[in-house]
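# Okay, predicted coordinates and the sequence, questions at the end:
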2 protein chains.
Amino acid sequence: MKVKLEDVAKRAEVSPTTVSRVLNNRGYISEQTRKKVEKAIEELNYYPNDIARSLFKKRTNFIGLVLPTINNPFFSELALYIENICSDLGYKVILCNSLMQIDKEKAYARMLIGHQVDGIIVCTYNRGVEAYKNPKLPIVAIDHYLSPTIPVVGSDNYAGGRMAVQHLIDQGCRSIIHINGPIELETPTQMRRKAYEDLIDNPITYELINLFDEEYTAVSIRQILKKHPETDGIFASDDLIAATCLKVANELNIQVPDQLKIVGYDGTETVLRLLPQLTTIKQPIQEIAKTSVSKLMNLIENPDCDEALETFLPIELVINETT
Amino acid sequence: MKVKLEDVAKRAEVSPTTVSRVLNNRGYISEQTRKKVEKAIEELNYYPNDIARSLFKKRTNFIGLVLPTINNPFFSELALYIENICSDLGYKVILCNSLMQIDKEKAYARMLIGHQVDGIIVCTYNRGVEAYKNPKLPIVAIDHYLSPTIPVVGSDNYAGGRMAVQHLIDQGCRSIIHINGPIELETPTQMRRKAYEDLIDNPITYELINLFDEEYTAVSIRQILKKHPETDGIFASDDLIAATCLKVANELNIQVPDQLKIVGYDGTETVLRLLPQLTTIKQPIQEIAKTSVSKLMNLIENPDCDEALETFLPIELVINETT
DNA sequence: GTGAAAGCGCTAACAT
DNA sequence: ATGTTAGCGCTTTCAC
């Protein structure tokens, strides 16, 4: 059997309450009693049971982190920062990879609620998860709209889009195309597309239905480049798409940046390390993490506080050899 | 207040026991009663409280996943698979980024034990975390030795190292150097180094003290290449190091693969997508995840079962343009 | 086939 | 400054 508070109490010859007091630094305890209790804890190698504590306190110090897949440089960098900040604040993070499947996401939502998480940070694109509609549950979304009352945090997608496209124009591109994810997703990242379309006279935007399948992405880009041989600039809505553009251009013997210039979006550490040639719009991932967590904590501490519904953080153009 | 089992019972006009029976499909319930209860659950939008359940059952269905940083293609791919498999088995994953700091890791261990996790998968390099010594707690390690009794899962590092070096030799390299992490880490990945040293007459092995600092890595590699201008082959112990080698070679106008050939290790999806030129040893990450989880589940179900202490899964050479 | 009652390990009134 | 007691929400013997 695991050693429990009662065992510590017996060994220290005090009541369970006293042990609890020592554990939580609450109320008055004489120095002597505290010593005795600490000694017993040490000797018995006692670890307080957080499950019992949570049951009583109705607070678990758990938060759920729901994302499409952690195996993606943007989400893994985000997750690192989020987890780190939470850990410093005494919160634990439950990782959920929805794989863009609505059923999985619903199951995760049920699980998180059942486990009494104190809040959820959601970075997925699935709408229609009823559980998120529960107004009692603190939720913050990153880069997409879940419901009218859930705060959204992200980068300034419109400014980022403009910056990317303007840079291509400044570099002399005349035929710029844009490659993005599914247009029906209700995410502020659609503003990247909007910026492109606002800046270009005859916009040519392509949608990749499945953002996480590289082979499909490569095939699509090959077709696009063959259909539009005049293309001399691509604004890709994320760095992975940009990387595939670069790869396909290499295969087709299109010289980058001489014949074709490419700008991506995200600017994660991983991408900048593996593909240092890539020009991209760098998101303030650490700031996004900080802001999301602090909003969530606010919502948890103060359920009916008014958090700003949308927060867009500044981006930065990182110029490298693909432009 | 949250709706609880008792509320459901009242509404369905049955006892709490009966509701519990319906919830858990245990014992005999008449079809009619079940219907009533299910209706009440539906109407009240009831979610069973897993915390209370766990307290009673002494099983939380939580596992801890401790890694240096999720913001790394190898660990994020591993984490994706591990989380997915666990989720299918009804287990939830608590993410812990130790950042290679022993204090953080100790704090995580305490936290995980306090939270009554059913088991832990550890992929970090820190020894001396006392909490892991608790023989009652099921633990599986990936790619390093934690204690004599904790099973280790990884790729066949020796075979992988041989394959990488032999490939360089076959491609005509005469001056092959090896770049690896700190030599004092007690991990089976040291076998990559051993394979290199077994195959090469005058081995030149460099240690990078901090594997997660790119700037330091780049500076070190620059020095190494300047000191050994005759180098025509590099076996890097992971793909991120290999990527930095490639970058530095580009800066120094060393032609890859003509003047210098590079082989990495890991072969993650992310690296192969962002840096498709890289020749590398591909680890069976999904198999590593499956094996680790299944060993852990075994240990959980059957605390004194004899799991094989070391499992090394087969690797594969992926030849691309850097060799 | 269903219910009453005890208890999982902890905390917080309330008493002393 | 310390102890007694009830109860967090659930499950499970043990009755009926």
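In hand now; what should we look at?

# Okay, and the beta partners of A:V122?
Legend: beta-bridge partners of A:V122 under DSSP bridges are A:V66, A:A141.

# So it is in contact with A:P138, correct?
No - counting by C-beta atoms under 8 Å, A:V122 stays clear of A:P138, with 11.3 Å between them. (C-beta placed from N, C-alpha, C; glycine too.)

# Of those two, which one has the most company?
More crowded of A:V122 and A:P138, by other C-beta atoms under 10 Å in any protein chain shown: A:V122, with 27 against 24.

# Let me see the mean pLDDT of the helix or strand containing A:V37.
Assigned by DSSP states H and E, A:V37 belongs to helix A:31-44. Helix A:31-44 comes out with an average pLDDT of 92.

# Please point out which parts of that helix sit buried.
Using 16 or more other C-beta atoms under 10 Å in any protein chain shown as the test for burial, helix A:31-44 gives A:T33, A:R34, A:K36, A:V37, A:A40, A:I41.

# OK, contacts around the last one?
It refers to A:I41. Listed by C-beta atoms under 8 Å, 6 or more residues apart in numbering or on different chains, the contact set of A:I41 reads A:V8, A:V19, A:V22.

# In helices, which of those fall?
Among the contacts of A:I41, the residues falling in helices (DSSP state H) are A:V8, A:V19, A:V22.

# From these, list just the buried residues.
Buried among those by 16+ other C-beta under 10 Å: A:V8, A:V19, A:V22.

# Name the nearest of the residues you listed relative to B:N49.
A:V19 (25.6 Å; C-beta to C-beta).

# Do I have it right that the closest one meets A:R11?
No - look at A:V19 against A:R11 with C-beta under 8 Å: they stay out of range, at 9.5 Å.

# so what's in contact with these two at the same time?
A:A40.

# quick one: whatever residue of the stretch 1-150 of chain A ends up closest to DNA strand D and A:S15, what's the gap?
Nearest residue of the stretch 1-150 of chain A to DNA strand D: A:Y28, at 3.0 Å (C-beta to the nearest atom of the strand). As defined by C-beta to C-beta, to the nearest Å, A:Y28 lies at a distance of 14 Å from A:S15.

# Give the residue from these two that has the larger number of neighbours.
Each of A:Y28 and A:S15 has its neighbours counted (other C-beta under 10 Å); A:S15 has more, 12 against 6.

# Was I right to think the more buried one contacts A:E6?
No - in this structure A:S15 lies outside contact range of A:E6 using C-beta under 8 Å: 9.6 Å.

# Which element is encountered next along the chain beyond the helix or strand encompassing A:I169?
A:I169 is located in helix A:157-170, with elements delineated by DSSP H and E. Downstream of helix A:157-170, the next assigned helix or strand under DSSP H and E is strand A:176-180.

# So what touches that next one?
By C-beta under 8 Å, 6+ apart, strand A:176-180 touches A:165, A:168-169, A:189-190, A:192-193, A:196-197, A:200, A:203-208, A:221, A:224, A:228, A:231-237, A:241, A:245.

# orientation of it relative to helix A:157-170 in degrees?
Strand A:176-180 runs at 150 degrees relative to helix A:157-170, counting by axes from the mean of the first three to the mean of the last three C-alpha atoms, to 10 degrees.

# mind putting the ones in helices among the contacts of A:I41 in CSV, pLDDT and distance to chain B included?
Output for the ones in helices among the contacts of A:I41, formatted as CSV (pLDDT from 0 to 100; distance: C-beta to the nearest C-beta, whole Å):
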residue, pLDDT, distance to chain B
A:V8, 93, 14
A:V19, 94, 15
A:V22, 94, 16
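
# other SSEs contacting the helix or strand encompassing A:I94?
In this structure, A:I94 sits in strand A:92-97 according to DSSP H and E. Strand A:92-97 sits against strand A:62-67, helix A:73-88, helix A:102-114, helix B:73-88, strand B:92-97, with contacts defined as 3 or more C-beta pairs under 8 Å, 6 or more residues apart in numbering or on different chains; DSSP states H and E.

# Strand partners (parallel or antiparallel) of that strand?
According to DSSP bridges, strand A:92-97 forms sheet pairs with strand A:62-67 (parallel), strand B:92-97 (antiparallel).

# Let me know the average pLDDT across the last one.
When the per-residue pLDDT values of strand B:92-97 are averaged, the result is 98.

# try the first one
Regarding strand A:62-67, the rounded mean pLDDT is 98.

# contact partners of that strand?
Identification of contacts with strand A:62-67 by C-beta under 8 Å, 6+ apart yields A:75, A:78-79, A:82-83, A:86, A:91-98, A:105, A:108-109, A:112, A:115-124, A:296, B:95.

# Please, which helix or strand holds the nearest residue to A:I113 once chain neighbours are set aside?
Residue nearest to A:I113 in three dimensions, not counting chain neighbours: B:Y47, with 4.9 Å by C-beta to C-beta, 6 or more residues apart in numbering or on different chains. Using DSSP H and E, B:Y47 sits within no helix or strand.

# For B:Y47, the count of nearby residues, please.
By other C-beta under 10 Å, neighbour count at B:Y47 equals 20.

# from what I can see it touches A:L112, true?
No - contact criterion C-beta under 8 Å: B:Y47 and A:L112 do not qualify, at 9.8 Å.

# Quick check: A:A52 vs A:E6, distance?
11 Å.

# neighbours of A:Q101, just the number please.
Other residues near A:Q101 come to 14 when the count uses other C-beta under 10 Å.

# ditto for the one 5 residues further on
Close neighbours of A:K106, defined as other C-beta under 10 Å, add up to 17.

# follow-up on the earlier one: touching DNA strand C at all, the helix holding A:V37?
No - against DNA strand C, helix A:31-44 shows no contacts by C-beta under 7 Å from any atom of the strand, the least distance being 10.3 Å.

# what's the strand holding A:I94 in contact with?
Applying C-beta under 8 Å, 6+ apart, the set of residues contacting strand A:92-97 from outside is A:61-71, A:79, A:82-83, A:86-87, A:104-105, A:108, A:111-112, A:115, A:117, B:65, B:79-80, B:83-84, B:87, B:92-95, B:111, B:115.

# if we go to 6 Å?
A:62-66, A:69-70, A:83, A:86, A:108, B:80, B:83, B:92-95 (C-beta atoms under 6 Å, 6 or more residues apart in numbering or on different chains).

# from those residues, which are also near DNA strand C?
Okay, of the contacts of strand A:92-97, nothing touches DNA strand C (C-beta under 7 Å from any atom of the strand).

# quick revisit: A:A52 and A:E6: which is more packed in?
A:A52 (16 against 11).

# Give me the domain ranges for chain A.
Using automatic domain parsing, the domains assigned to chain A come out as A:5-48, A:62-154+A:285-312, A:157-283.

# Please produce TSV containing those domains, extended by distance to B:I281.
Below are those laid out as TSV (distance: least, C-beta to C-beta, whole Å):
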stretch	distance to B:I281
domain A:5-48	41
domain A:62-154+A:285-312	19
domain A:157-283	17
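
# which one of the ones you listed lies closest to B:L274?
Comparing these under C-beta to C-beta, the one sitting nearest is domain A:157-283, at 4.1 Å.

# can you tell me the average pLDDT over the closest one?
Averaging pLDDT residue by residue across domain A:157-283 gives 94.
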